[in-house]
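Asker: got a predicted model here, sequence first, then my questions.
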Amino acid sequence: MWEKIKNLGPGMLVAGAFVGTGTITTSIVAGTEHGYTLLWASVTAAILIAIILQEMTARLSLSTGKPLAVIVREKLGLWASIIVILAIVGGNSVYSVGNLSGVNIALGGLFENVPASVWIIGVTLIYWSLLMLGKYNVLEKTITILVAAMGVLFLINMFYVKPDYLEVIKGLTIPTFELSEITIVIALIGTTVVPYNFYLHSTAVLERGWHKNPKGNLEMMRFDTIVPIFIGGLVTMAIGVVAGTVLHPLHLSEGLVIEGSNQMAMTIEPLLGKVAYALFSLGLLAAAISSMPMAALSAAYVFTQSFGLNPDMKGTAFRLVFSFVAWVPVFFAIGVKNPIWTIILAQSINGMLLPITAVLVLYLINKKDTSGSLRNNTFSNILGFVAVGFTIVLGIINIISTFQ
């Protein structure tokens, strides 16, 4: 067991990517406005879907020795790759607008008189420059520690605020929502089951070399997928439970609405007192900065791998794509009037785009000439069809509700 824990890797990348600004903000807003009633979406459904689909993606790379974007191009053709590229580059750009809104919320709460454009351009310039120089690992470890510390803080705080555990269990196990809540429901799933994570995960599995002994490493791959995503789910649950316990009563009695970091920081104030406001802003900033390079890099990997180009960080095509995903969202983020809603909308859009990759993964993992002996069995297919079908149905409901 200890050897498996020491060898955790690709799955940690997946969990680290989804526990970011979007997860923190969306979970707090959901908990504030709906209490524990949407925990089933943010934790139970989202984590199960993530584990099911990420495991299939990793198994594809184990069996073929190739990243997902290359498999799509070789097995389904150029048009399928173009659809994937448009979905990932477009979705990641929207996702980055949400992350930059998180930067605005975090630093705007600490320095109210400084224009949002200063923070948005400044943070983008820093992480883009580090990516161009190949030096992002300078900040990566520090940021990872800050985000992890914030997750631990919420887990401790979840027990400190003494929630109604029976209601929490009901919220986790009984799916219920009004049609008017469909956007936040899709956002809760979209912020956890992030489309670009499929492509990052498949590449990371190959970098570990697990594909050299597919059957021998299958158990380790599954352990690496399930454990980190489950831990990420616990953090997501803790955030939602704390918000439902601390802020939902204020929403009902005083009409509290989440408008910035000061309201969100109230979730950890019972544990930390007044210092909570500064620490929360710092943690939210770290979460935003940790997610933005992932969005830019994954889009560049998908683009270069789909067209058979060298996915080298110093390559011209690679740099053009990650620069596009880094800088184009800046112009939109500067003009954002409601950063909280922008973050939620960004997660919802990614949730709407999720079925594109999910359907491709489910189709490819069932092809004998692609997956061989590692293709889906009947039980895996049942899980896969339920997971994919669930995301498609939610998307259809969202489209219908938009026009009503």
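Answerer: All right, it came through fine.
Asker: point out where this structure drops to low pLDDT.
Answerer: Scanning the chain for pLDDT under 70 picks out 2, 136-144, 402-404.
Asker: in the stretch 1-150 of the chain, which spans are strands?
Answerer: In the stretch 1-150 of the chain, no strands are defined using DSSP state E, counting those that start in this stretch.
Asker: all helices for it, in order.
Answerer: Ranges of helices in the stretch 1-150 of the chain, per DSSP state H, counting those that start in this stretch, are 2-6, 10-18, 21-34, 39, 46-64, 68-76, 78-110, 116-133, 137-160.
Asker: same question for the stretch 201-350 of the chain.
Answerer: 214-246, 248-254, 261-265, 269-272, 276-306, 316-334, 339-364.
Asker: about what we covered before: possible to save the helices of the stretch 1-150 of the chain as a markdown table with distance to Gly233?
Answerer: C-beta: built from backbone N, CA, C; applies to glycine. Output for the helices of the stretch 1-150 of the chain, formatted as a markdown table (distance: least, C-beta to C-beta, whole Å):
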| stretch | distance to Gly233 |
| --- | --- |
| helix 2-6 | 18 |
| helix 10-18 | 9 |
| helix 21-34 | 10 |
| helix 39 | 10 |
| helix 46-64 | 4 |
| helix 68-76 | 23 |
| helix 78-110 | 20 |
| helix 116-133 | 27 |
| helix 137-160 | 11 |
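Asker: to Val321, which of those lies closest?
Answerer: helix 78-110 (6.9 Å; C-beta to C-beta).
Asker: just list what the closest one packs against, helices and strands only.
Answerer: The contact analysis (3 or more C-beta pairs under 8 Å, 6 or more residues apart in numbering; DSSP states H and E) places helix 78-110 against helix 21-34, helix 68-76, helix 116-133, helix 195-207, helix 261-265, helix 276-306, helix 316-334, helix 339-364.
Asker: for Leu86, find the nearest of the helices of the stretch 201-350 of the chain.
Answerer: Across these, closest to Leu86 is helix 339-364 (C-beta to C-beta), at 9.2 Å.
Asker: out of the helices and strands packed on helix 78-110, flag the one nearest Thr378.
Answerer: That would be, of the helices and strands packed on helix 78-110 and by C-beta to C-beta, helix 339-364, which comes in at 13.6 Å.
Asker: just name the most buried of the helices and strands packed on helix 78-110.
Answerer: When you average the neighbours per residue for each of the helices and strands packed on helix 78-110 (mean count of other C-beta atoms under 10 Å), helix 21-34 leads with a mean of 27.
Asker: that helix: what's the following helix or strand?
Answerer: Using DSSP states H and E, the helix or strand that directly follows helix 21-34 along the chain is helix 39.
Asker: list the contacts of the residue lying closest to Ser323 once chain neighbours are set aside.
Answerer: Spatial nearest neighbour of Ser323, excluding adjacent residues (C-beta to C-beta, 6 or more residues apart in numbering): Trp128 at 6.8 Å. With contacts defined as C-beta atoms under 8 Å, 6 or more residues apart in numbering, the neighbours of Trp128 are Ala296, Ser323, Ala326, Trp327.
Asker: isn't Asp186 up against Gly351?
Answerer: Check again: residue 186 is Ile, not Asp. Yes: contact between Ile186 and Gly351 holds when scored by C-beta atoms under 8 Å: they sit 3.9 Å apart.
Asker: what is in contact with those two at once?
Answerer: With C-beta under 8 Å, 6+ apart, Ile186 and Gly351 have common neighbours Leu394, Gly395.
Asker: how close does Pro175 get to Asp164?
Answerer: 19 Å (C-beta to C-beta, to the nearest Å).
Asker: so what's the residue count around Ile182?
Answerer: Neighbours of Ile182 under the rule other C-beta atoms under 10 Å: 19.
Asker: now the one 10 residues further on
Answerer: Number of residues near Thr192 (other C-beta under 10 Å) recorded here: 30.
Asker: try Gly77
Answerer: 10.
Asker: go on, Ala45?
Answerer: Ala45 is flanked by 23 other residues according to other C-beta under 10 Å.
Asker: mind listing what the closest residue to it other than its chain neighbours touches?
Answerer: Excluding its sequence neighbours, the residue lying closest to Ala45 (C-beta to C-beta, 6+ apart) is Ile189, at 6.3 Å. Applying C-beta under 8 Å, 6+ apart to Ile189 gives the contacts Ala41, Ser42, Ala45, Ala46, Ile49, Gly351, Leu354, Thr391, Leu394.
Asker: correct me, but the last one touches Glu181?
Answerer: It stands for Leu394. No: using C-beta under 8 Å, Leu394 is not in contact with Glu181; the gap is 11.2 Å.
Asker: comparing the two, which residue is more hemmed in?
Answerer: Counted by other C-beta under 10 Å, Leu394 and Glu181 do not tie: Leu394 has more neighbours, with 23 against 18.
Asker: from Ile340, how far off is that one?
Answerer: 22 Å.
Asker: just how off-centre is stretch 262-277 within its chain?
Answerer: 24 Å (C-alpha atoms, centre = their mean, to the nearest Å).
Asker: start and end of it, how far apart?
Answerer: By C-alpha to C-alpha, to the nearest Å, the extent of stretch 262-277 from end to end equals 6 Å.
Asker: how far away is Val321 from Lys135?
Answerer: For Val321, the distance to Lys135 - C-beta to C-beta - is 19 Å.
Asker: scratch that, Ser306
Answerer: For Ser306 relative to Lys135 (C-beta to C-beta), the value is 27 Å.
Asker: sorry, back to before: dump the helices and strands packed on helix 78-110 into JSON lines; add distance to Leu218 as well.
Answerer: JSON lines is the format used below for the helices and strands packed on helix 78-110 (distance: least, C-beta to C-beta, whole Å):
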{"stretch": "helix 21-34", "distance to Leu218": "29"}
{"stretch": "helix 68-76", "distance to Leu218": "17"}
{"stretch": "helix 116-133", "distance to Leu218": "33"}
{"stretch": "helix 195-207", "distance to Leu218": "11"}
{"stretch": "helix 261-265", "distance to Leu218": "41"}
{"stretch": "helix 276-306", "distance to Leu218": "23"}
{"stretch": "helix 316-334", "distance to Leu218": "31"}
{"stretch": "helix 339-364", "distance to Leu218": "17"}
